[in-house]
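Enquirer: 3D, please:
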Amino acid sequence: MSERRRYRFGVSLGILFGAALLGGAGWLVWNWLKGEPAWITETYRPFSRAVLGGLSRVFSFVPFSAAEILLYLAILAVLFAVGRLIWVLISGRAPRLRYLVRFVSSAALIAVIAAELYYILWGMNYFGKTLAEELGYDVHPRGAEELEALAVYLTEQANAAAKETRRDETGALADGYTFDYLAEQVAAEFSGFSGRDEAKVKYVLASRGLSEFRTTGIFVAYTGESNVNRDNCVHSLSFSMAHETAHRWAVAREDEANFVAFLVLYDADEPLLRYNAYLTALRYVMSQLNGADRDAYARVYSLFGDEIRADNAEYSAYWSQFQSKAAEVSEKTNNAYLTVNGQSDGVKSYGRMVDLLLAWAERRPAE
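Expert: All right, here's what the predicted structure looks like:
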């Protein structure tokens, strides 16, 4: 082995060691900060909100999702790198061991930097104080009676808001509710809620692919972009937009992002936004009521107006198309990701929004 090759091999080993050292240090800091929810809430979260807000404004000048394009470029780069590795290992055109060590060390360093940047920008928000603690909400187990009362209230509000939405002669929502229109409305409502100028969400070019994975949106911390599946039903788009924007506002937990989306939209000026807030909340509450008291579920269901019934049928028809292996893998991956980040019930954590809704409903008359 020449002196130059020996030096390059040593550099590769050094990079591999450095990646391991950096990853280990990051893991220790991550485990330590997980036990400091007050610091995360009072110091880290404002920092995260500021940085993510700045990133979103920088990338708002790009009309498309920069994160999506960067993802495609990253996939191409990985495929090229792996293909070249296989070619070298098979052909022997370059020293196999040295090339393999260089490949592994570079991949390890990139992976460690990406993971640690993720937690620096946003990921530690999972371990801050709960939203219930911040709002002073009393979250505790409640009976089916309270669930039914909440479901009745949400049904009444959804029915009323549905009557104000623009619909055609068939009862379907009118064509004027475009993605851009709804994105502007949600951004305006969220700006009033957060007290800062919020960038609009962006649609994903490969929205059909997201549907195959039964995914309505993705927040990307690296660019601060809230990305939404534009193929979702129109009556459910604005809630997905507000949910992903809540993530950018440093609300990481899924149930809390759902609840913040509800708070932003339930008294919006645009009737469709109000309707979407009450309709989505109603779906979660009815799911729990169905498991707690089937008779109560039937009583509330009988109160559904024609618009709710039609929109729920459209929603079920659309998403029932996607029961593929890809959807199953997506759910398992998301479940594992949420569990690692402190949400022990995984994807079921989305439904914990109901606990916050019940606490909100208890306080609502006094507000």
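Enquirer: And A261, how close does it get to F304?
Expert: Using Cβ to Cβ, to the nearest Å, A261 is found at 22 Å from F304. Where you see a C-beta, it was placed from the backbone N, CA and C, and this is true even at glycine.
Enquirer: So what's the residue count around N31?
Expert: N31 has 9 neighbours, counted by other Cβ atoms under 10 Å.
Enquirer: where does stretch 4-13 sit relative to the chain's centre, distance-wise?
Expert: Put simply, stretch 4-13 sits 42 Å off its chain's centre (Cα atoms, centre = their mean, to the nearest Å).
Enquirer: show me where this protein has strands.
Expert: Here the chain has its strands, by DSSP state E, at 202-203, 217-220, 225-228.
Enquirer: To L28, which of those lies closest?
Expert: Across those, L28 has its closest neighbour in strand 217-220 (26.3 Å, Cβ to Cβ).
Enquirer: Direction included, what does that closest one pair against?
Expert: Sheet pairing of strand 217-220 (DSSP bridges) gives strand 225-228 (antiparallel).
Enquirer: Show me the contact partners of the strand it pairs with.
Expert: For strand 225-228, the surrounding residues in contact (Cβ atoms under 8 Å, 6 or more residues apart in numbering) are 55-56, 59, 65-68, 179, 183, 199, 201-204, 216-220, 237, 240-241, 244-245, 247-248.
Enquirer: what does stretch 158-172 give?
Expert: 173-177, 271-272, 274-275, 278-279, 282, 303-308, 310-311, 314.
Enquirer: N229 touches R214, doesn't it?
Expert: No: assessed by Cβ atoms under 8 Å, N229 is found out of contact with R214, at 9.6 Å.
Enquirer: So for these two, which residue has more residues nearby?
Expert: When N229 and R214 are compared for neighbours, N229 comes out ahead with 23 against 18, by other Cβ under 10 Å.
Enquirer: Could you give the number of residues near the closest residue to that one other than its chain neighbours?
Expert: Distances taken as Cβ to Cβ, 6 or more residues apart in numbering put L210 closest to N229, at 4.2 Å, once the chain neighbours are dropped. Applying other Cβ under 10 Å, we find 22 residues neighbouring L210.
Enquirer: L210 contacts S240, doesn't it?
Expert: No: taking contacts as Cβ under 8 Å, L210 lies outside contact range of S240: 10.4 Å.
Enquirer: Please enumerate the shared neighbours of these two.
Expert: Both L210 and S240 are in contact with 216-217, 229, where contact means Cβ under 8 Å, 6+ apart.
Enquirer: and those as CSV, adding pLDDT?
Expert: Formatted as CSV, those follow (pLDDT from 0 to 100):
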residue, pLDDT
T216, 94
G217, 95
N229, 96
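Enquirer: Could you take these and lay them out as CSV, with extra columns for distance to V88?
Expert: As requested, the shared contacts of L210 and S240 are arranged in CSV below (distance: Cβ to Cβ, whole Å):
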residue, distance to V88
T216, 42
G217, 40
N229, 39
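Enquirer: from those, which single one is nearest R352?
Expert: For these, the nearest to R352 is T216 (17.5 Å; Cβ to Cβ).
Enquirer: residues in contact with that closest one?
Expert: Taking Cβ under 8 Å, 6+ apart, we find T216 in contact with 210, 228-229, 232, 236, 240, 243.
Enquirer: And the residue nearest to it when sequence neighbours are not counted, how far from F219?
Expert: Counting by Cβ to Cβ, 6+ apart, T216 lies nearest to S240, which is 4.4 Å off, once chain neighbours are set aside. As judged by Cβ to Cβ, S240 and F219 stand 11 Å apart.
Enquirer: Could you list the low-pLDDT ranges of the stretch 251-367 of the chain?
Expert: The stretch 251-367 of the chain contains residues with pLDDT under 70 at 324-351, 365-367.
Enquirer: mind redoing it with 50?
Expert: By pLDDT under 50, the weakly predicted segments of the stretch 251-367 of the chain are 346-350, 366-367.
Enquirer: and what of the stretch 51-200 of the chain?
Expert: Ranges of the stretch 51-200 of the chain meeting pLDDT under 50: none found.
Enquirer: can you give me the helices for the stretch 151-300 of the chain?
Expert: Assigned by DSSP state H, counting those that start in this stretch, the helices in the stretch 151-300 of the chain fall at 179-194, 207-212, 234-248, 254-265, 271-292, 294-301.
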